[in-house]
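> Make a model of this:
(one chain, ligands or ions: 1)
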Amino acid sequence: MMNTTLMNNQQTKVDTPYTRFLTTLNAVLDHMNADEEVRAIFEHPQHIHKKTVSLMRDDGSTEDYPAFRVQFNNARGPYKGGIRFHPEADLEEVKALSALMAIKTAVVDVPFGGAKGGIQCEPKGMSRKELEALSREYIRVMGDAIGPYTDCPAPDVNTNSMIMGWMRDEYETISGVFSPGVVTGKPLEYGGSQGRDEATARGGFFVLEEVLERAAIDPSEQRVAIQGFGNAGAAIAQFLHEKGYTIVALSDSKGGIYSREGIDPFRINKYKKKTGQVRGLYCEESICDAGRMQADGIELISPKDIITCDCDILVPAALDNVITARNAGDIKAEFILELANGPTTPEADAILEKKGVRVIPDVLANAGGVTVSYFEWTQGRSGEQWTADRVDSELKRIILGAYREVRREARREGLSYRHAAFLLGIKRMLKTMRVRGWCNGSC
Ligand code: GLU
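Predicted structure coming up:
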């Protein structure tokens, strides 16, 4: 993940997900004329837990993986944020993601702080038994750092409700205490909430619909390209297709497809489930059925090329750092809806702003996930079970409220939506810190 670029003053500047976060943060703190005390609060996470998880593979061998939990800030409530299993989930990435969570929970004004976790491993190809052992071991090594009123994990890249169920069970086994709130994104049968699986996509969908309505744009004339076909990407493709948008491109880590006439994501999802890839309807490994592709008007496209393909709305829904200074100038989309965390670098942001591309930033666009996590957490506390309709309408109310506040802040301060969302989140965090006496009058 880490690479270095030579600056023109001959100094070497390290470029990591966390330094990219700091670049955006510092631009906003400069705008606020923040003093040193405030800057110090946001510069570093409050706690970094770096451990090793050992996994006994099915063949009897043992593998060790670095495991992280970074707790960025808990001024507004328990630390909150997902856990990812990914080969690139290193400390710098998890730090950046924890900071984005703190801003995100404040933007949607749910009573949580921000954290993130990760195991730096390749989970693809692991058996169910191995995944379970890995998930339980993570909870064991993190010990007291995790808890329903301390820090509540959730799913993220390559983790899901099944994994959250194991994690809750492990926590309750160790503590001996019924603790539904220790993780969110759990299975429905074990303390989960209606609508949690689709919540990230649902929230992004609500915001996008509102943005287009304000711009008097007809969805049926919009062509959408989606990078990533995991939990968020697959769900938003289906919501948009049902609403009359034309899905022109889809991809996963193995490859992508493009069609001018449009793709039916329900059909693609069926084959993705069967074959493990978005191209599964047309290809078996690298051998593709040209006749079938031609009949459906399908061309192959790489996940990288999806970013610059011919479309109106681009939805990065996979990993960070995919829209960079290298490709931002070639982007054709008019709108970018960031369902992934950290997909756009600060340099790319500046290029997109100049081009007039409207970016709906991650800390707003994908905040539906943590919003419904909050609903799940409160249901765990009260023992109530909300209907799917209640979850949906509360999510809509909260995320559109957040969107309107970000928009107002952007107008008032003359900022991009990303900077306005950061400003809104930072101001909310500072307000709570002030009443808690965490800063000596400077915040
Ligand atoms: N992993 C999700 C995110 O990045 C959800 C976090 C949560 O629900 O705590 O927002």
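
> now the strands: where do they sit in the stretch 151-300 of the chain?
With strands called from DSSP state E, counting those that start in this stretch, the stretch 151-300 of the chain shows them at 151-155, 223-227, 246-252, 255-258, 283-284, 287-288, 299-301.

> W438 is nearest to which of the ones you listed?
Proximity to W438 (Cβ to Cβ) singles out strand 151-155 among those, at 18.3 Å. Bear in mind the C-beta positions are built from the backbone N, C-alpha and C, glycine included.

> Work out the gap between the closest one and the centre of the chain.
13 Å (Cα atoms, centre = their mean, to the nearest Å).

> roughly how far apart are the residue of the chain found nearest the ligand and D58?
Nearest residue of the chain to the ligand, counting by Cβ to the nearest ligand atom: G82, 2.7 Å away. Distance, G82 to D58, by Cβ to Cβ, to the nearest Å: 26 Å.

> who's more crowded, these two?
When G82 and D58 are compared for neighbours, G82 comes out ahead with 24 against 11, by other Cβ atoms under 10 Å.

> Quick check: phi and psi at the closest residue to P316 other than its chain neighbours.
Excluding the flanking residues, the one nearest P316 by Cβ to Cβ, 6 or more residues apart in numbering is P343, at 3.8 Å. Main-chain torsions, P343, degrees, to the nearest 10: phi -70, psi -20.

> Get me the contact residues on this structure for the ligand.
80-82, 154, 156, 184, 341, 366, 369-370, 373 (Cβ under 6 Å from any ligand atom).

> which stretches of this structure have low pLDDT?
1-13 (pLDDT under 70).

> what about 90?
Along the chain, segments meeting pLDDT under 90 span 1-14, 143, 285-286, 439-443.

> Go through it and flag its longest strand.
For the chain, the strand that runs over the most residues, judged by DSSP state E, is strand 62-73.

> Can you list the helices and strands that the next helix or strand after it packs against?
Following strand 62-73 in sequence order, the next helix or strand is strand 79-85 (DSSP states H and E). Helices and strands touching strand 79-85, by 3 or more Cβ pairs under 8 Å, 6 or more residues apart in numbering; DSSP states H and E, are strand 62-73, helix 91-107, strand 114-119, strand 151-155, helix 368-382.

> Tell me the residue in this protein that is farthest from the middle.
The centre of the chain is farthest from one residue, G291, which by Cα atoms, centre = their mean lies 37.1 Å away.

> So that one versus G297, what's the distance?
Noted for G291: a distance of 12 Å to G297, by Cβ to Cβ.

> And K104, by the same measure?
K104 is 38 Å from G297, by Cβ to Cβ.

> Understood, closing this out.
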